[in-house]
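*Asks:* here is my input, please return the structure:
(chains A and B)
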Number of protein chains: 2
Amino acid sequence: MNDGHGPLRRREFLAAMGRVAGSSAMLRAMAAMGIGTVAAACGSSSAAPGAGQNPPPPPASTHSPRPGDWPAGIGTGKTVVILGAGIAGMTAAWEMEKLGYACTVLEATARAGGRNRTIRSGDLVEESDTTQVCNFDVDNDLYFNAGPARIAHHHEFLLGYCREFEVALESFVNDNRAALLHSPAAFGGRPQIARRVIADTRGHIARLLAAAVDQGALDQQLSVTDRINLLAMLGDFGDLGAGNSYAGSSRAGFPGQENAGSRQRAEALPPLDLQTLVADAFWQQRQDFSQDLEQQPTMLQPVGGMDRIARAFEARVAQSIEFEARVTEVRKLANGVRIVYRNRDGIDIGLEADHCICTIPATVLRDIPNDFSPGHAAAIAGFQYSAAVKVAYQSRRFWEQGHNIYGGISWTTQDMTQLWYPSHGFGRQAGIVVGSYVFGGAAGVALSNLLPAQRVNTTTTQASNLHPEFAVEADRGISIAWRKVPSQLGAWGISDPGVLLTADDRIYFGGEHLSILQGWQEGAILSAYHAIDLAVGRDTA
Amino acid sequence: MNDGHGPLRRREFLAAMGRVAGSSAMLRAMAAMGIGTVAAACGSSSAAPGAGQNPPPPPASTHSPRPGDWPAGIGTGKTVVILGAGIAGMTAAWEMEKLGYACTVLEATARAGGRNRTIRSGDLVEESDTTQVCNFDVDNDLYFNAGPARIAHHHEFLLGYCREFEVALESFVNDNRAALLHSPAAFGGRPQIARRVIADTRGHIARLLAAAVDQGALDQQLSVTDRINLLAMLGDFGDLGAGNSYAGSSRAGFPGQENAGSRQRAEALPPLDLQTLVADAFWQQRQDFSQDLEQQPTMLQPVGGMDRIARAFEARVAQSIEFEARVTEVRKLANGVRIVYRNRDGIDIGLEADHCICTIPATVLRDIPNDFSPGHAAAIAGFQYSAAVKVAYQSRRFWEQGHNIYGGISWTTQDMTQLWYPSHGFGRQAGIVVGSYVFGGAAGVALSNLLPAQRVNTTTTQASNLHPEFAVEADRGISIAWRKVPSQLGAWGISDPGVLLTADDRIYFGGEHLSILQGWQEGAILSAYHAIDLAVGRDTA
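*Replies:* Predicted structure coming up:
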């Protein structure tokens, strides 16, 4: 354990803090150690506009909670009830059973995985007021990851489970220079190929900075040698021409050759004008998307659908899960917890345990009778969630066959926001395309409030402004509006976790919303580790 | 055919030019139409240092040669002998047989595909003076693409064949922000994670340009509105902080968390200093690599090895290929050609045909007795090829398990140049890593001249400066030095095709070296289309 500040010392320290100073001091100590602190802007799987800009960094630390940091056998003879069989709940069950705890996972639905859901032919999407049936053809490649759909390469704990559980992974294409950027208000409403926007932006930046250097504007800041080197570097950076001018670049593609690179090369495309590129933040923010730490290549996805991960967890903790068990009360006992739930036969059952790890989304939890402290109850009551919506279609792969677009994301200023091309099954005839991925906000709420058929119609109309084929060939549209999905009632948490990172007696909260990676499965895992730390800390106090 | 300038008109025009003005005028006309012209810097699969910088664009054209542009049945009753069963030769055979030509493909080796080669357990790598046996374990994921190893998404003709032949494709990771950039002369010789180099470069560029704008240095060039918008855009571009300063960015990762993004976030890493980043062109050129048109995402590879493409072509033209048929003479007849070859039984055979498409690499062809025109013979004699070398190993995937590197390329200023991590089989225990990919030049020649064991030792030593694990875990090294591979004698052509784009009587030349995409399989296909055009043009003249 490198420098001696190992897990035992950390754990011992936290336990001591908890004993001596109570949860508030413990939380501050944890924050100082970097455990459970939150940088909300770093997380969301959607990277909403403006998110990820210089989030204030949480306090420094050199250690993180890891499975296996806990003492072997610490849980022997102790019981845990875990509420929710999503990624957080199953992670807690898997890790705590390894520590000797006897775990019971109560899952409200008939399915494990929570928002980790992959929709295939015949699957139902049930919302509070509608039910849709997925009409895709039966095929291994024809699936729709309705919840999380990509994994950052540095999400080490999730990827560690994939390795351990032998979940096969493949590359997820997040950044495709053949994809489109589209605004009805710019460039005559014509979608622009990403490569051109990116190349021309770099060209403009490089030529302007080179001009400033040439004028001596930066002589105070840069030595003669640095200026000479910088000019050479800018030539590479922007693909500048003679005299540090920018008149277009082969990086932008060639006229009349939309994503067709093997044709003979003609004159360079004229640069897109700087005025338009800077007039709307859309152009820069969208091309910067894959610069964000969570969105940088390599991105990954499980082969065959994101729910391969849920199935792999489930296979390891299935004996502990009771499905269709709806929690109706969360109560505190003198030395434990008492959970009341209604089972699949409609019978109410009371279950007592030494600990409770509660991963029920706050939007659902707030309506379950409970003994939470006023602070915890208030945080749960006020917790905000994204109203993200996705709309998926089956279609001929016109984007590959006609436009050489293999995976990736097109962006538009229209409400639909994103259009996702599948990152797998390249070259096959049919594929699943996501025609809207609205992260939330007013547009998400508005789309959620439409009937599924209206969501599809709206999306088809907007997506056809990027690809006219969409109106003709994208078919069998199916949507999910997470805020209307029972037992979820939201896509991901967007509030500050605050007091919910602290134990409420013997109840510990988990779920992606209580992590530095809100909206990510890695965040759900981190939250589970944090909850385990709290429980184990209590048992070692 | 869109605007009426269809293929027939083009072909008729060329045929007329050929009749009236002879081959030189025809070549000029072709160049003016954009057929067969060369922009060498656009092509090479290796993007050697400095390549891709503002290549002079070839003349404009709106049409390209495509299969199917030729009149149906034009070849009925006519014969073609095709020299070489690489991608160019098999493309020519496949397309010309569809036109009715009776094709014979003479292949010197026992294998179709040419430089499209995938090395697996038990395979031999035979060079002029050595033979290596591949000792990888037997496994679908454990292969080494010794020749081409990636496909640009806009290589539409190659990808069209993959679709037609049902060759499954997957994403090839060219740009991985978790990979390394390394120079012994910078940053104390410590490898730098790509994300940090890229983020800090953007930060420096943005802060300097913002400072210049603030000083009014660009007031002549930019309106007040543009300046305001530009400053906002630079904030996004460089992830600038208050006052348009740059003090590091979450895009660069966090201290002590090499590619481990799910740990608690600490203070930002301090920016790498601008002086070092601009002092050596290495830093900018390598981070710009995937900006090049041929290297931009999405890049692709066939599932299971690049030779899936060779096998798919072979399956369609196998009846026309004679293997182990070594051409010994290329002769002209009054109305055709006569090829002499030695067959696998050592018997010399003379074969006459109406046309010859010769795809033998110039390095090999120059030593075969022939009747070529002095101009063609001189071009063949002087054609230069890259001396690229690759060295591959089997290893535990320490790069994934220890460093969260999934695919992509690390770069170093050492002779080994590139280190490739596999883009497939993520999460498995073993993988094939390419420890040297030297594009050619003096370093390529030097490495070629070493014995295979020495190449492996040299590579291991250098690669261990990027990953100390390499010395311990990368094993079973196997190398290919293309300049020493019989029947190839070079990795890819780097000279101007010049006169070789013109017919030499009834002999037409093909191969990747005679295309605008030298070093790419798409170039081989384009060269085949060009040769077919010449032959068909002759038959329709």
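*Asks:* hang on, residue A:536 packs against residue A:70?
*Replies:* Yes: look at residue A:536 against residue A:70 with CB atoms under 8 Å: they come within range, at 4.9 Å. In this view, the C-beta of every residue, glycine as well, is placed from N, C-alpha and C.
*Asks:* show me where the stretch 1-150 of chain A has strands.
*Replies:* Here the stretch 1-150 of chain A has its strands, by DSSP state E, counting those that start in this stretch, at A:79-83, A:102-106, A:118-119, A:124-126, A:131-133, A:144-145.
*Asks:* need the next SSE after the helix or strand containing residue A:379, C-terminal direction.
*Replies:* Taking DSSP states H and E as the definition, one finds residue A:379 inside helix A:374-382. Next helix or strand after helix A:374-382 toward the C-terminus (DSSP H and E): strand A:389-396.
*Asks:* mind listing what that next one pairs with, with the direction of each?
*Replies:* Counting by DSSP bridges, the strands paired with strand A:389-396 are strand A:430-438 (antiparallel), strand A:475-481 (antiparallel).
*Asks:* need the contact partners of it.
*Replies:* A:119, A:135-137, A:142, A:144, A:146, A:416, A:429-438, A:444, A:447-448, A:455-456, A:459, A:469-470, A:473-482 (CB atoms under 8 Å, 6 or more residues apart in numbering or on different chains).
*Asks:* confirm residue A:339 sits in a helix?
*Replies:* No: according to DSSP: H, G, I helix; E, B strand; the rest coil, residue A:339 belongs to no helix; its state is strand.
*Asks:* show me the contacts for it.
*Replies:* A:81, A:83, A:106, A:327, A:329-331, A:350-353, A:356.
*Asks:* please convert the buried members of those into ChimeraX selection syntax.
*Replies:* Selection of buried members from those for ChimeraX, criterion 16 or more other CB atoms under 10 Å in any protein chain shown:
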select /A:81,83,106,327,330,331,351,353,356
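*Asks:* and the contacts of residue A:339, which is closest to residue B:297?
*Replies:* If you rank the contacts of residue A:339 by distance to residue B:297 using CB to CB, residue A:83 comes first, at 41.3 Å.
*Asks:* list the contacts for the closest one?
*Replies:* A:89, A:105-106, A:327, A:330, A:339, A:356-360.
*Asks:* name the nearest residue to it, ignoring sequence neighbours.
*Replies:* Spatial nearest neighbour of residue A:83, chain neighbours left out: residue A:358 (4.5 Å); criterion: CB to CB, 6 or more residues apart in numbering or on different chains.
*Asks:* from the chain's centre, how far out does stretch A:148-157 sit?
*Replies:* Centroid separation between stretch A:148-157 and its chain, computed with CA atoms, centre = their mean, to the nearest Å, is 8 Å.
*Asks:* brain fart, stretch A:177-187
*Replies:* 24 Å.
*Asks:* buried sites along that stretch?
*Replies:* A:177-183, A:186-187.
*Asks:* quote the end-to-end distance of it.
*Replies:* 18 Å (CA to CA, to the nearest Å).
*Asks:* average pLDDT for that stretch?
*Replies:* On average, the pLDDT along stretch A:177-187 is 97.
*Asks:* next: stretch A:89-99.
*Replies:* For stretch A:89-99, mean pLDDT is 97.
*Asks:* ok, residues contacting it?
*Replies:* A:67, A:70-75, A:80, A:82-83, A:85, A:103, A:105, A:107, A:112, A:114, A:161, A:310, A:313-314, A:316-317, A:320-321, A:357, A:359, A:510, A:524-525, A:528-529, A:531-532, A:535-536.
*Asks:* look at residue A:429 and report its pLDDT.
*Replies:* Confidence score, pLDDT, at residue A:429: 95.
*Asks:* contacts for stretch A:455-473?
*Replies:* Residues contacting stretch A:455-473 (CB under 8 Å, 6+ apart): A:180, A:182, A:184, A:189, A:191, A:389, A:391, A:393, A:395-396, A:398-399, A:402-403, A:410, A:412, A:414-416, A:419, A:435-436, A:447, A:450, A:474, A:477-479, A:481.
*Asks:* so how far is it from its chain's centroid?
*Replies:* The answer for stretch A:455-473 is 25 Å, by CA atoms, centre = their mean.
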